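J.: Give me the fold of what follows.
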Amino acid sequence: MMSEQVIIWMVFGVLVLGLLFLDLIVFHRKARVISFKEAVTLSVVWIAIALLFNLGVYFWYGAEPALEFLTGYAVEKSLSVENFSR
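T.: Predicted coordinates for the structure are as follows:
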């Protein structure tokens, strides 16, 4: 029988691949100019998904891992915004 941790990692992998499929294949099939409103909407959606994941980490693993994830996410997001502004 598989351990709970292996199952969680498998579900996480399938979820990430599913979200990548939706983002790259379904929503952005054709190259086009994205409006500012659409860019903000998509950013809010992806940030909300990350925060929901963080909430799951908090309930399953506790406050410290959730804070570590949130800190890493905030650093990566700020670096991506900084790279965009150049």
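
J.: ok, Ile49 touching Leu22?
T.: No - between Ile49 and Leu22 there is no contact, the gap being 10.7 Å when judged by Cβ atoms under 8 Å. For glycine as for every other residue, the C-beta is placed from the backbone atoms N, C-alpha and C.

J.: Look through the chain and tell me its longest helix.
T.: Under DSSP state H, the helix in the chain containing the largest number of residues is helix 36-61.

J.: Return the set of buried residues in it.
T.: When burial is assessed from 16 or more other Cβ atoms under 10 Å, helix 36-61 yields the following buried residues: 50, 53-54, 57-58.

J.: what's the answer for stretch 61-81, then?
T.: If you call a residue buried by 16+ other Cβ under 10 Å, then stretch 61-81 has these buried ones: 66, 69.

J.: so which of the buried residues of helix 36-61 comes closest to Glu38?
T.: Each of the buried residues of helix 36-61 was scored against Glu38 by Cβ to Cβ, and Ala50 proved nearest at 18.8 Å.

J.: Contacts only, for that closest one.
T.: Tyr73 (Cβ atoms under 8 Å, 6 or more residues apart in numbering).

J.: how much space between it and Glu4?
T.: In this structure, Ala50 lies at 23 Å from Glu4, with Cβ to Cβ, to the nearest Å as the measure.

J.: ditto for Thr41
T.: When Cβ to Cβ is applied, the distance between Thr41 and Glu4 equals 36 Å.
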